Each structure stands twice: as structure tokens, then as C-alpha cells.
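> Here is the input, now give the coordinates:
(2 chains)
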2 protein chains.
Amino acid sequence: MPEKLSFEPPRGMRDFYPADMAWRNRVFDAFRAAGEAAGFQPYDACVVENYDLLARKSGEEVGDQIYHFFDKSERHIALRPEMTPTLARMVAQRQKELSFPLKWTTIAQCFRYERMTKGRKREHYQWNVDIIGEESVMAEVEVVGAAVDALRRMGLSQSDFKVHVSSRRFLGSLLEKSGIPPERHAQVFLALDKRGKMPDEEIGAMLRDGGLSPAEVDAAFAVMDVKSYEGCAELEELFALARTAGFADALVFDISVIRGLSYYTGIVFECFDSKGEFRAIFGGGRYDNLLGAIGGEQATAVGLGFGDVVVTELLKSRLGEDAAVEKKGYAVGFMFDGQRDAAIAFAAALRRRGQCVNLSLSAQKPKKFFSRASQGGAAFAAFIGPDDVEAGEVRVKDLATGEETKEALAR
Amino acid sequence: MPEKLSFEPPRGMRDFYPADMAWRNRVFDAFRAAGEAAGFQPYDACVVENYDLLARKSGEEVGDQIYHFFDKSERHIALRPEMTPTLARMVAQRQKELSFPLKWTTIAQCFRYERMTKGRKREHYQWNVDIIGEESVMAEVEVVGAAVDALRRMGLSQSDFKVHVSSRRFLGSLLEKSGIPPERHAQVFLALDKRGKMPDEEIGAMLRDGGLSPAEVDAAFAVMDVKSYEGCAELEELFALARTAGFADALVFDISVIRGLSYYTGIVFECFDSKGEFRAIFGGGRYDNLLGAIGGEQATAVGLGFGDVVVTELLKSRLGEDAAVEKKGYAVGFMFDGQRDAAIAFAAALRRRGQCVNLSLSAQKPKKFFSRASQGGAAFAAFIGPDDVEAGEVRVKDLATGEETKEALAR
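Residues are numbered from 1 along each chain as shown, chains lettered A, B, ... in the order given. The predicted structure follows:
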């Protein structure tokens, strides 16, 4: 008797049973369609990446959380925590041959080795959409527009979400006007990004510990009350172009959007559900230094990361747990072995016509067939008995309405 | 100046640039469509699996070749070399709730840590198609039929490939009739599976070393000359049902198909290109003991594994290197910044109509725009200048024929 193994996946890893996969496909299909509609080219790379590349980019928090190991030849490799360093590597590898601006997209599995809290997993999929080599705000328009399009394709309406937009450059200019010198800005960005996650008093203490005067700390908090992007040319242009492109109603200016990672340099954005129930749906912005940091030629870029977990929770909450299951195609069954050939031929004919057919593999009682068919994914069901073969036609039942029509069996 | 990092992927891992990704999508789309048409439900699991599960199943050669490591909590985890153990784990986990026979499919990334020969990679994607819990040969019909359908959807015709089919049970009965006792069959299967990969003399020596008499060795080789499956009920039934389903012309009986892994118990099959230029395109068969081996309830199963590498080589060879690029949608450009709004609005209108649009991000000279557009993936190109905005319409050029039509610009 063999020892019984655990049937659970490794800790923090996900299994996708067919019902889970229906959701994943709904989300991924929307990612793919939105990327394609906006003219982004798909690319991909292996989830196993060079550790050195990931360590170079990741900065603040990610370093500790990389799943890394040595292979048998003592090469230091890792399961990537995000796709951007790999994107930079691939672009740098062919920087002379590629044609810029370059618009690329991928759905990348990413791993993060973090403490398991509240069912948080150690791997997820992240849709990445990037434009490299375009200075103008058109890059932001196309990247954010594609993400808004994806949410609409998933079945969400404009009232379900908002993309909160700001600019690090704008925030920097406001801080400077308030008397906080530029060399302190990175530190202020990091501290202010914690707002909502920790009390303002603690953030204030962090800033004072970092050397800001009490007046400067007050000034930094006062900047957070700014409600208008007037005077920020790039944000004014973004909102105007989004209006022309038809998604300005999805945007809202929000000075508190800063983004944790230090590599953003211009416009930054984060998308939230309107009720504020979930974590950010996607986020991104402009980053200028990544290609240079890994040894390629400097190039400006705009990108976003859009995970599969939060949006799936949101979709289930707004559309219902079962909304991903789309009924289509046929279930075909047969009563006795004598009708098996007829069932196979009927299924083959339907499939040649482009239909999906779930063909029963053995003879069944009609009750069992229809019971299973109506629980499955088919829209129509056809059950072939001896009389049907004789008559040369079979009744096809619409499982939603119960209506029946007749279709010819092959002779 | 930061140290320059390597821009190469880790050894044995693949990058997919857009041209590579076009091929991968062509292959994956055919996998998905064929699985769906035949009523298989998609599932998936994380590429990180429990090492113990993989070690239990893998047997002969895979054990050494698993990419495995310990995580920070000293859990022994691995990058799966194949999907079947994970499938068995997931089914065993819910064996009481799931409804059988179960028809599942996935496209799984798999890792194998082997010596790098002739550009052989350490990771690939494998389409898996499995039916669990069906005794009859209908399971083989549906699994093999789906694979043949996938090859046709990729653009191959019947003359490009053949599925070579045999039965381990049939081979066993032939060996027994030749006087080789059943307890020697596993050993004979393994040795005969090496035919074509090593000289017959060495195989003969292996068998003699294993305790077969010279007469038994001769008998084993003689069985390899059998050209007919007459007398094997399951193969007779498979060929007859494949005829009804419309893919019998893709099948050929071939006693030499044995399959390396020991867990196959019945019909086995391997698909080859007709010219014999490439390794096997896909392979599989019936296996009865896997669920039991990991501690689940015994269940019969039929499955196949269909890798992405060989079929992509075959497709490039038969259809041409560029055949995966399908021209579709629009390239939209503009001459001066004054036409940018018109271009954005035109692109947005096309996208609302379901078209893919690659919108230029900055003003361009017409020559540069059309040169890049004709190299890209678009079928049509529209370039908006000042006169077009004035006239309220733009010429749309069919990039294949050069024909021009006019379309209205939004006002």
C-alpha cells in the first residue's frame, strides 16, 4: 500500500479547477482582447529569471521576497516577482534592432514569497502593458485606455471603478513650492505613500525622524489636500486626450496616488473599485531609468501591472459567483450501444460546423444524461435513442428555454 | 555607472519576442479551440509542485531531471516536469465530488533539467488532454480526435502527419503467444522502445543480459514485424470509431509504438510528421494506476501530452517562417500635432467597432508612417493630414492590394 501523499498544492500556490478556470479565462480573454485592440504586441519570457537582474531592479521591499535558488550548476536563478526587469532585459538585448516606440503586452505569472495572510497567495498573474520610447502623454493615454477597455470587456461599467491619476513631477513641484527641497522628495513620496495604511501621526514621525522640520511636515500634509491638477501640463493633456478617446469619465485626479516603488518619474495611476472594498485593481506610471539601470540605453517608458486576483474578486462580487460560466454548444448522448455510431457521427458533424460538443462516452438513461447536461456548460442537448436512428433525426433541446427543434442524423 | 548585466535569459529558458509569440499563439489557440470543440474543460495548477508527488510518479528517467529546491521553510518543491501527477493530485483531492468520466485539458509549462544538446531547451509548454473514469475506447477516440483536430486547425493537412497507434495489451498477448512469460514483458517493452534510438544488436544484448534466452530475444524481435492489429478488439474498435468520427485516415497501426514510461496499460499512440524529419509531435495512451499510486482511488484514464516545440518547428517547415503573422486591423497615423485629436477619435471609433488599431503616438512624415505600417501587423492604414480634417474624411489603404477607400472622421 503506497503512502498517501498530500493532495494540496504547495503552500501559497493555486489550483484552478474548471470553475476557477472559467473566471481566469474571462479575465485573461479581456486582457488579450484589450491589448490587441490597442495595437500592443504580445511577448513573453520564462518565469525563471536571473537573480541578479531581479535584485538590481527591485529596490525597497521585493529583494527579500524573491523565490530564489541555485540550480545544479550553482547558477543563481529565481521565480520573477514582476515582469518589468525581464521586459527591460529583452528590450536591452535587441535595443539596436527594435523599432521604437515599442508597444508590448504579456500576461506573466509572478511569485512573491511573503507571509501568508488572509488567504494571500504567493503567486499571481499580472497583465503587463508597456510603451517604451515615447515622451508624450499619448503613451499614458494608450496604456490607461487599454486597461479601462479590459475592465469594460470583463463586464464592469463605469460606475464600478475609477482610475486615480497623479504625477510625481507635479507633486514634486508642489512640495518645492511649499519649501521642501528636491533632495527630500524621494523620502516624502515614500512616507506619503503609506497614508491610509498607517496613521498620519506615524507618517509625521517618520518624516521628522528623516530630518524634516515640523513646518515642512505640515507643508507636506497640506500638499495632500490639493484637489486640482491645474497648472500641471501633462495631467491637463492626459485628461483632455482621454476625453477625445472616450474614457475621461473613468479618470479622477488624486494627489495621494504616489506608488510605492521608487522608479516612477512622471504620471502615476492606480485603479480602485468605486465602493473602496478591494485593494488596487491595477497600477502603473512613467519610469525613465530602468533600461539604463540594467546597462541598456536610457529610454522613457510607461507601463502598468494588472493582477488577476483583485479583479476576479471584484467581478464575482459585482456580477455573481457563477457569471463566468457561459453556456454554449451541445451535449450529445445515446441510450444504447446501438446508437453510439449515430452519436459519434452527429457530434462530428456539429464539430465540423464549428460547434463545441460534449459527447457522452457511454450509453446512459435519458434522465441521467439530461441532468448532467443541464449542470454542464452546454446550451443545447441531444439524446439519441433507437427511434431517432430509425427516423433519421433527433430532438435538440434548448436547455435554457426547454424548447425543442429537430435536426437530421447522418445516414 | 552600473555594472552591465547579462541580457540573455537563464540557460535553457526561452524568451518570446513578438514574432515568436505569434507562433506560440497560433499553436495555443489551436489547442484551446480543439479542446473546447471536443468538450474538454480547462483546468490549471501552479508550475511549482510538491517534490514528493513528482518523485512518486516519475519513475525511470525523470527523477534526476527535476528542477527541485527547498524554499525558505525547507519545503521540498519543484518545477513540474509534466502535468499528469498534478492532474492526479487535483482529481484525488475532489474524487468524491467530481462527476466521472471527467474530461479535462490544460496548456502547462513544464521544466526538465537535462543536458543542453542541439538547442534543446529546459522548459516547454505541453498541451494535456485527459479523460478519467471511462473504460471504453471512446476515451481514446475523443482524446486522439481532439489532437488531430488541433493539428488541422494549425494549418496542417492529413498528408503532413500520422498518428501511430498500438496497444500494450496486444503486444503483451503477442509476446505471450511467442513464449515470453508476462513477468518479462515490462523489461521487453522498455528494451523494444529503444528501437531506432540504438542498434538492434545492443537491444538484443540488453534482453539477453536481462535473462531472456536467445530464442526469446528472436521471438521478441519477430513480434515487431507484426503488421496487422487483427485480433485486437480494442484497436479494431478504435479504428472503426475513428472512421465514424472522420479521422481514421490520420491513424496507422504501428506495433513499434510502446512509449517509454512504464505506466501505460492499454492503447498507446505517438504522432509523427509523414516525412519522419522531427521527433514525436504528441504521444499518450491509457494508464490505469496513477491515481492509486498517489493514494487516490484507482481509476482508468486516457491522456496525451502535446509539446509546443516540435509542432512549431514542423509548422515553420511546412507553412513558412512567417506564416503565423496574420495581418489585421488598422494602423492610424497623423502628420502634425494639429491632427492628433482627429487621429485619437478615429482610432477610438474603429476600436468601438471591434477593430484592432495601432495608433501612432506622435506626428510623422507619411513615408515613415506607411513604411512602418506595412512592416507591422495591420491590414489597413489611415494617415490623417490637415486636409483630411478639413474634408472630414480620410483615405484608408488596404496594405495588401494598395486599394484606397474613404472613411468619415468624427466631427
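> Outline the domain layout of chain A.
Following the assignment in automatic domain parsing, chain A carries domains at A:18-319, A:330-408.
> which strands and helices sit next to the worst-scoring helix or strand of chain A on mean pLDDT?
Within chain A, confidence by mean pLDDT, DSSP states H and E is lowest for helix A:51-58 among all helices and strands, at a mean of 79. Helices and strands touching helix A:51-58, by 3 or more C-beta pairs under 8 Å, 6 or more residues apart in numbering or on different chains; DSSP states H and E, are strand A:76-79, helix A:84-93, helix A:290-293. No exception for glycine: its C-beta is placed from N, CA and C like everyone else's.
> Quick check: which of these is nearest to chain B?
Between chain B and the helices and strands packed on helix A:51-58, the shortest separation by C-beta to the nearest C-beta is 3.8 Å, and it involves helix A:84-93.
> Restricting the selection to alpha carbons, write the closest one to CSV.
Output for helix A:84-93, consisting of C-alpha atoms alone and laid out as CSV, is shown next (Å, rounded to 0.1, in the frame of the first residue of the first chain):
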residue,chain,number,x,y,z
THR,A,84,9.3,44.7,-15.8
PRO,A,85,13.0,43.7,-15.3
THR,A,86,12.6,40.9,-17.8
LEU,A,87,10.9,43.4,-20.2
ALA,A,88,13.9,45.7,-19.8
ARG,A,89,16.3,42.8,-20.3
MET,A,90,14.6,41.7,-23.5
VAL,A,91,14.5,45.2,-24.9
ALA,A,92,18.1,45.9,-24.0
GLN,A,93,19.1,42.7,-25.7
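> After that helix, which helix or strand is next? Please name it.
Using DSSP states H and E, the helix or strand that follows helix A:84-93 towards the C-terminus is strand A:102-111.
> partners of that next one, with directions?
Note on strand A:102-111: by DSSP bridges, its sheet partners are strand A:41-42 (parallel), strand A:123-132 (antiparallel).
> between that strand and helix A:84-93, how big is the angle?
Here strand A:102-111 runs at 140 degrees with respect to helix A:84-93, directions being taken by axes from the mean of the first three to the mean of the last three C-alpha atoms, to 10 degrees.
> chain center to strand A:102-111: distance?
Relative to the chain's own centre, strand A:102-111 is displaced by 10 Å; criterion: C-alpha atoms, centre = their mean, to the nearest Å.
> and residue A:128, what are its bridge partners?
Each beta-bridge partner of residue A:128 is listed here, defined by DSSP bridges: residue A:106, residue A:305.
> pLDDT wise, what is it at?
Confidence per residue is given as pLDDT, and for residue A:128 that number is 98.
> do residue A:362 as well
At residue A:362, the model reports a pLDDT of 97.
> okay but it is in contact with residue B:138, surely?
Yes - Residue A:362 is within contact range of residue B:138, at 6.7 Å (criterion: C-beta atoms under 8 Å).
> And the two? Which one has more around it.
Between residue A:362 and residue B:138, residue B:138 has the larger neighbour count (other C-beta atoms under 10 Å in any protein chain shown), namely 23 against 14.
> Helices of the stretch 151-300 of chain A, residue ranges please.
Assignment of helices within the stretch 151-300 of chain A using DSSP state H, counting those that start in this stretch yields the ranges A:168-177, A:185-192, A:200-209, A:214-223, A:233-245, A:290-293.
> just the residues of the stretch 251-400 of chain A that are near chain B, which are they?
Contact residues of the stretch 251-400 of chain A with respect to chain B, defined by C-beta under 8 Å from any C-beta of the partner chain, are listed as A:292-296, A:329, A:331, A:340-341, A:344-345, A:347-348, A:351-352, A:354-359, A:361-362, A:372, A:375, A:377.
> Would you mind checking those for buried ones?
With neighbours counted by 16 or more other C-beta atoms under 10 Å in any protein chain shown, those contain buried members at A:293-296, A:329, A:331, A:340-341, A:344-345, A:347-348, A:351, A:355-359, A:361, A:372, A:377.
> Output the contacting helices and strands for the longest helix along chain A.
Scanning chain A for the helix with the most residues, using DSSP state H, yields helix A:18-37. Helix A:18-37 makes packing contacts with strand A:102-111, strand A:123-132, helix A:138-153, helix A:308-319, strand B:41-42 when contacts are defined by 3+ C-beta pairs under 8 Å, 6+ apart.
> and stretch A:147-158, how far apart are its ends?
With C-alpha to C-alpha, to the nearest Å as the measure, the first residue of stretch A:147-158 is 13 Å from its last.
> buried set for it?
When neighbours are counted by 16+ other C-beta under 10 Å, the buried residues of stretch A:147-158 are found to be A:147-154, A:156.
> filter those down to the ones close to chain B.
When C-beta under 8 Å from any C-beta is applied, the members of the buried residues of stretch A:147-158 adjacent to chain B are residue A:149.
> Need the buried residues of stretch A:147-158 in CSV (columns: pLDDT).
Listed next are the buried residues of stretch A:147-158 as CSV, based on pLDDT from 0 to 100:
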residue, pLDDT
A:147, 98
A:148, 98
A:149, 98
A:150, 98
A:151, 98
A:152, 97
A:153, 97
A:154, 97
A:156, 97
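> would a markdown table of the buried residues of stretch A:147-158 with distance to residue B:190 be doable?
Putting the buried residues of stretch A:147-158 into a markdown table (distance: C-beta to C-beta, whole Å) gives the following:
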| residue | distance to residue B:190 |
| --- | --- |
| A:147 | 54 |
| A:148 | 58 |
| A:149 | 55 |
| A:150 | 51 |
| A:151 | 54 |
| A:152 | 56 |
| A:153 | 51 |
| A:154 | 50 |
| A:156 | 56 |
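> Residue A:121: neighbour count?
Residues near residue A:121, counting by other C-beta under 10 Å, number 16.
> shouldn't it be in contact with residue A:9?
No - at 9.9 Å, residue A:121 and residue A:9 do not qualify as touching, with contact defined as C-beta under 8 Å.
> sorry, back to before: give me whichever of the strands paired with strand A:102-111 is most buried.
Mean neighbours per residue, mean count of other C-beta atoms under 10 Å in any protein chain shown, is largest over the strands paired with strand A:102-111 for strand A:123-132, with a mean of 23.
> Residue B:251: which of the helices and strands packed on helix A:51-58 is closest?
Shortest separation from residue B:251 across the helices and strands packed on helix A:51-58 is recorded for strand A:76-79, at 41.0 Å, computed as C-beta to C-beta.
> pLDDT at residue A:118, what is it?
Turning to residue A:118, the model gives it a pLDDT of 61.
> Residue A:206: what's it in contact with?
A:191, A:194 (C-beta atoms under 8 Å, 6 or more residues apart in numbering or on different chains).
> about what we covered before: out of the helices and strands packed on helix A:18-37, which gets nearest to residue A:86?
Taking C-beta to C-beta as the criterion, strand A:102-111 is the member of the helices and strands packed on helix A:18-37 that comes nearest to residue A:86, at 7.7 Å.
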